[in-house]
Each structure stands twice: as C-alpha cells, then as structure tokens.
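J.: Got a predicted model here, sequence first, then my questions.
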Amino acid sequence: MSNIQLNPSCFHTLGDREKADDMPKLIMKTVLVSIFLFPLFSCGFTVRAEGGGAFLVKDLIPGSHSGSPNEVFSLNNIVLFRAYTEAVGYAVLWKSDGSSEGTVVLSDKTSPMGWARFGNLGVFSDSRPFRSDGTEAGTFALSQGNGASLFVCVNDVLFFSYSNRVLGPPYSLFGYELWRTDGTVAGTHMVKDINPGTADSGAGPLADVNGVLFLVANDGVHGKELWKSDGTESGTVLVRDIVSGTSDSLHFYPVYSPYAAEFQGRFFFPATDGVHGLELWKSDGTASGTAMVKDICPGAADSFISKSGEFRKALGKLFFRASDGSHGEELWATDGTEQGTRMLRDINPGPESGYGFYLTALVLKQARILSV
C-alpha cells in the first residue's frame, strides 16, 4: 500500500471516537477491497494501492441505484455497515467479510447509527440501544425506547444517554437519563433518575477518567453541571455546582465531537462560572479539585466561541481551539497548567479565526504545524 488519504470529517459518522486511529488497521487487515465498496469517496476518502488497486466487492443494489453504505464498523474480522437494499425501502444492517458472497444483510430490523466497541460486541443506536456480535442471533435491541446515544465504556460497563419513553402505552416514567449495559437485556437499566420523573436530565456521558465516568447533567435544581458516576445510583453525584442555582456552567451537548477529554488523569472541559466566560477547566472528580485552568479570554467573554473544546491528545499535550479576544479562534495547546496553556500560532493574523471546524487525530499526527 503506497498511500492512504483520509478526509477527517468522514470519521465523525463512525460513533467510536477512536476510529480514526483504527481505520488504517482495518484497511491493512482485510478490507482494502471492501472499503472501496463504501461511498466514502463522497466525503473525500481515497485509497491508492500497489499491485492491482482497489475493486468493487458487491453491487448492493444492482444497476444504477446506490446502496449508499455508511456507518462503517470493524468487528471480529468483518465489517458491519448500514446500507439500502432492493427489498427494503430504508437502510438496514449489513455485514461483509470482503467477499461478494460474504456481503449480506445481517438484519433488516435495525438501521445502525453511532457505533461503539464493547468487548467483542458492536453497540449502536437505531433510537433504541442495539448490540451485535456479527451474527443474526447475536444482533438485538437491549431495551425499548428512543434516543440512545453517547456510548462510553468504563470498567467493562457501557454507559449511554437514553429514555425508555415510548410512543404508546405503557408510557415511560423517565426522561433522558444515564443508563448502563453489560451487553444483555437483563443487564441494561437506568443508573439514576437524575432529574426525577418525566423530566430530562439530558445526562451525557463524556469520558472515562481513572475508572470514573464524567458526565454532564441537569437535576432540575442545578443547571447543566459536571457529574460523575461509578455505575451505581448512590455513586452518581454532582461534582461541583460551578454556577450556583439553575444556570448552566456547561453549554454543550457531546454528540459528534470530543467536547471534553481525559488528560493526565484529570477531566478537561469548557465551562463558565458566571464571572468568566466559557474557559478551560479541569477536574479530579472533587469540588475542590475542579477549577479553571486559564482565563484565556479575560473577563466575561468566551474563549470557546463555538461553545466546544474539540479536544485531542497528542505529543504529551491537549490540543483545542480557542480565542483570547485579540485573535480569532486558533489552535491552542495545554500541559494542564496555566503557564503551559498557550496559542500555537496565529494562523489567520488578527481577529479573524484561522482554525477550521474540526480538530482531528489525523491532523495532529500528520500536520507539521505543531511546535510545542
């Protein structure tokens, strides 16, 4: 293989935040041939190979109609993906071993979105939380409801945001809350009704930090604040009410991008305390250990203009985009200290932003603009 060019924006559809690193391994293992099956070239994915090049594995819908494969996920030496079929008028779950005869519909009862790896399982949402081991018998819903998302694995438990609210009776008693699963129906249940009753806490799992889940939630008394969980009801608690009362300190919902990150055994995230704007904060899971790293844009103005951090770790640093008020939104890095938090370069000189919307692991590994 002589060259692989990847458009980083493609990886935001994969659900698993580490897929950018896994994808070249996937191609190298089995699936140079099957990757070309997927129309990722529509978002800039190209593969060049020595000795014969890439080729079509299977025409999913024979003729001129497209199967539109997407949501690609590697599992147990096969590839799972979503695509259309001739028989069904919507996208369903397929699997492929890289051969034409081995590329088949796995289940027409689900349409996967947002994959996460959990042991030897792939877990995804089709509104319900679903699991698959690559077999028909091992592919099924873990619960009935809607809105499963934000899968984060901690200590062999998979956490996610979910409501078991259904469209008809019996109606749910709970809104969107923190749930957990061990990969079985019996082992899938709500961790805690953070905002009691039918109201939503909007619990959003964020990251595993030393075996503790950090999440954002609103309990109806405090605003959207930082919480942590050990997977039990009693161990799911508010870390700190950064902005007292019902106002929010966290102004993001972690759906597509890594808006917060574990770094050096601490949790880093953008927050406001009501005095300063959205700035870089860190937490060790205690109220006293939750503090602002640096007031990047002094005063009440936000340094995180786009309301998110887009954090990525590389080269012993944590990279993110921010504005100090004099420059636009540019590429910054931190070593976790105030003194070690600085702008790398004013890419677009002056008040205009020089930094694009996505910060990707591939950019950090391949680009040579980093002079930390």
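T.: Cool, got the structure. Numbers count the residues shown, from 1 in each chain.

J.: show me what contacts Pro112?
T.: Listed by CB atoms under 8 Å, 6 or more residues apart in numbering, the contact partners of Pro112 are 71, 73, 80-82, 93, 124-126, 130. No exception for glycine: its C-beta is placed from N, CA and C like everyone else's.

J.: per-residue pLDDT, it?
T.: pLDDT recorded at Pro112 is 94.

J.: And Asp346, by the same measure?
T.: 80.

J.: Quick check: phi and psi on it?
T.: phi -80, psi 80 (degrees, to the nearest 10).

J.: Let me know whether it touches Glu330 as I believe.
T.: Yes. Counting by CB atoms under 8 Å, Asp346 does reach Glu330; the two are 6.0 Å apart.

J.: Quick check: Phe267 is in a helix.
T.: No. Read with DSSP: H, G, I helix; E, B strand; the rest coil, Phe267 is strand and lies in no helix.

J.: Test my guess that it contacts Asn210.
T.: No. Counting by CB under 8 Å, Phe267 stays clear of Asn210, with 9.4 Å between them.

J.: and the two? which has more neighbours close in?
T.: The residue with more neighbours, out of Phe267 and Asn210, is Phe267; 25 against 11, by other CB atoms under 10 Å.

J.: Next, show the common contact partners of Phe267 and Asn210.
T.: Joint contacts of Phe267 and Asn210 (CB under 8 Å, 6+ apart) are Gly285.

J.: about what we covered before: what about Asp346 and Glu330, which has more around it?
T.: Glu330 (20 against 15).

J.: my read: the more buried one touches Arg345, true?
T.: Yes. With contact defined as CB under 8 Å, Glu330 reaches Arg345; the gap is 6.9 Å.

J.: Give me the common contacts of those two.
T.: Gly354.

J.: so where is this protein shaky, pLDDT-wise?
T.: 1-53, 165-173, 252-258, 305-309, 355-372 (pLDDT under 70).

J.: Show me what counts as buried in stretch 290-300.
T.: 290, 292-297 (16 or more other CB atoms under 10 Å).

J.: ah, wrong one, I meant stretch 94-112
T.: Neighbour-count burial for stretch 94-112 [16+ other CB under 10 Å]: 94-98, 103, 106-107, 110-112.

J.: chain center to that stretch: distance?
T.: With CA atoms, centre = their mean, to the nearest Å as the basis, stretch 94-112 stands 24 Å off its chain's centre.

J.: Ends of stretch 197-208, what's the gap?
T.: Distance between the two ends of stretch 197-208: 27 Å, counting by CA to CA, to the nearest Å.

J.: Please tell me how far the nearest residue to Gly187 once chain neighbours are set aside sits from Gly147.
T.: Spatially, and ignoring its direct neighbours in sequence, Gly187 is nearest to Thr181 (5.9 Å; CB to CB, 6 or more residues apart in numbering). Per CB to CB, to the nearest Å, Thr181 is found 15 Å from Gly147.

J.: if you count what's nearby, which of those two comes out ahead?
T.: Using other CB under 10 Å, the more surrounded residue of Thr181 and Gly147 is Thr181, with 24 against 18.

J.: what's near enough to touch the more buried one?
T.: Residues in contact with Thr181 (CB under 8 Å, 6+ apart) are 118, 123, 129, 131, 142, 157-158, 160, 187-189.

J.: Buried among these? Make that a ChimeraX selection.
T.: Restricted to buried positions by 16+ other CB under 10 Å, the ChimeraX selection for the contacts of Thr181 reads:
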select :118,123,129,131,142,157,158,160,188
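
J.: In strands, which of the contacts of Thr181 fall?
T.: 118, 123, 129, 131, 157-158, 160, 189 (DSSP state E).

J.: Cross-check the contact I'm expecting between Val57 and Gly98.
T.: Yes. The criterion here is CB under 8 Å, and Val57 meets it with Gly98 at 6.4 Å.

J.: Would you mind confirming that Pro205 makes contact with Ala217?
T.: No. The pair Pro205 and Ala217 fails to qualify as a contact (CB under 8 Å) at a distance of 9.7 Å.

J.: Between the two, which contacts overlap?
T.: Leu178.
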